[in-house]
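# Need a 3D model of the sequence below.
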Amino acid sequence: MGCWTSYLVRLDDGSAWESDEKYGRWHLAGAEDRAGLMARVLSDGRPVGGAPHTARSCQGIALDLVTRRYRFYGCASDVPRAGASHRESMALHLAATPGWEDWDVAYAWGGDEELRRLLFPGLPPEPARAQAVEVNPASRDYWFVDWAPDDRRITVRHDELIADAFADATSLVSLITADAALTHWQLTDPVVPLLAHHGESLLRTLTAGAPFPLAAEDAVTDGAVIDLRTRRLRYWTAETASPGLVARVGAAWPGWRVERLPWGHLGHLAAIGQHPDGLSMTDAELREAHWEDALIAIRNRARDTLPTEPHPLRSPRVRVVDRW
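This next block holds a predicted model:
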């Protein structure tokens, strides 16, 4: 089928236009690109009389000339490694590009629905489809030996980061308890539907089983930091999460402050006070994953300046046997 791209534009006179295209482009480099897209939408597109017809799109761009806002998002099948920080870096890079100086430029983490609500804030929220998501711990085959809860010690084979190679995880969930103990689980499920479906019962399910070592940046695409001290839930994902789905997370965690955690795995490490050395991808690894040097520089500045957890947390120890 291929990707479909939606384009939404609100002109200075307040009129709105839309267009779509198979494949297409999901971001604009500068003023020339902006002018070209507007000409295309006005030539080949259609005026919007009610709600835009963009639901089938998997990537898109919205331009609001009235408020000078530019939002964009890319296809989930084309996200590079360390995808969440890549999208954050891309937004900052575009915001600094000539032609966008007086614009509010940001990545549309809410996807298609966020684009539509940018131009039409009065649209009713899209109800998120309920998803029955099981809690599926990542694989413990080959690498896991045991968990000693009294000593807070995980024993693994061969190497401290062995799980990254064999667990085949999608999400990293870190729990900070009231007494500042820190524990991690690696799961095969996307994190936002999981949080929306299980609510606080997720904590009981996770703590009933053995934890995992802390995953490195290139091992997971999603994550959450759940802090019992402050009842604060921060999530991140390299893909988009609709406002309706995020609202379901809030409803499933009453009394909690639910927030998107910027910068993906980098933000996750900062939120638990963990230094990124040995856990974050190197510049060489990012280049191999098709990152541009300009984006790597932006990402590294964020890594070095993110606010970190101010209080020391008690992390589990990782013991290695049969070391390579």
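# Now for the closest residue to residue 244 other than its chain neighbours, how many residues are close by?
Counting by CB to CB, 6 or more residues apart in numbering, residue 244 lies nearest to residue 128, which is 3.7 Å off, once chain neighbours are set aside. In this view, the C-beta of every residue, glycine as well, is placed from N, C-alpha and C. Neighbourhood size, residue 128 [other CB atoms under 10 Å]: 19.
# same question, residue 88
Neighbours around residue 88, by other CB under 10 Å: 23.
# my guess is it is in a helix, correct?
Yes. Per DSSP: H, G, I helix; E, B strand; the rest coil, residue 88 lies within a helix segment.
# And the nearest residue in space to it that is not next to it in sequence, how far from residue 291?
Sequence neighbours aside, residue 263 is the residue nearest to residue 88 in space, at 5.5 Å (criterion: CB to CB, 6+ apart). In this view, residue 263 and residue 291 are 14 Å apart by CB to CB, to the nearest Å.
# and if you look at residue 118?
Distance of residue 118 to residue 291, computed by CB to CB: 27 Å.
# what's the domain layout of this protein?
4-119, 144-321 (automatic domain parsing).
# mean pLDDT lowest for which of those?
For the domains of the chain, mean pLDDT drops lowest on domain 4-119, to a mean of 92.
# hang on, the earlier thing: take the domains of the chain and write them to TSV, including distance to residue 137.
Putting those into TSV (distance: least, CB to CB, whole Å) gives the following:
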stretch	distance to residue 137
domain 4-119	22
domain 144-321	6
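# And these: which comes nearest residue 138?
domain 144-321 (3.8 Å; CB to CB).
# Tell me how many other residues crowd the residue nearest to residue 88.
By the criterion of other CB under 10 Å, residue 263 has 21 neighbours.
# I'd say it and residue 308 touch.
No. Contact criterion CB atoms under 8 Å: residue 263 and residue 308 do not qualify, at 12.0 Å.
# list residues touching both of the two?
The contact sets of residue 263 and residue 308 overlap at residue 270 (CB atoms under 8 Å, 6 or more residues apart in numbering).
# residues in contact with the residue nearest to the spatial centre of the chain?
Centroid-nearest residue in the chain, with CA atoms, centre = their mean: residue 237, separated by 2.2 Å. Applying CB under 8 Å, 6+ apart to residue 237 gives the contacts 84, 190-192, 221-223, 264.
# so where do the helices sit in the stretch 201-324 of the chain?
201-207, 243-252, 264-271, 283-288, 293-305 (DSSP state H, counting those that start in this stretch).
# got the contact list for the last one?
The reference is to helix 293-305. Residues contacting helix 293-305 (CB under 8 Å, 6+ apart): 82, 85-86, 88-90, 92-93, 263, 266, 276, 280, 283, 286-287, 291.
# now swap in the second one and tell me
By CB under 8 Å, 6+ apart, the list of residues contacting helix 243-252 from outside reads 110, 113-114, 117, 125-128, 130, 192-193, 195-200, 233, 235, 256, 258, 260.
# In helices, which of those fall?
113-114, 117, 192-193, 195-198 (DSSP state H).
# ok, so of the residues you listed, who is nearest residue 33?
Comparing the ones in helices among the contacts of helix 243-252 against residue 33 with CB to CB places residue 114 closest, at 20.5 Å.
# what residues are up against that closest one?
71, 73, 108, 240, 242-243.
# Dump these to CSV, plus neighbour count and distance to residue 20.
Shown next, in CSV, are the contacts of residue 114 (neighbours: other CB atoms under 10 Å; distance: CB to CB, whole Å):
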residue, neighbour count, distance to residue 20
71, 24, 16
73, 27, 14
108, 25, 16
240, 22, 17
242, 20, 18
243, 16, 21
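# residues contacting residue 58?
Residues near residue 58 by CB under 8 Å, 6+ apart: 3-5, 75-77.
# Just the buried ones from those?
3-5, 75-76 (16 or more other CB atoms under 10 Å).
# Out of those residues, name the ones that lie in strands.
4-5 (DSSP state E).
# Quick check: residue 71 touching residue 111?
No. Residue 71 is beyond contact range of residue 111, at 10.0 Å (criterion: CB under 8 Å).
# So residue 73 versus residue 282, what's the distance?
For residue 73 relative to residue 282 (CB to CB), the value is 27 Å.
# I am finished for the moment; much appreciated.
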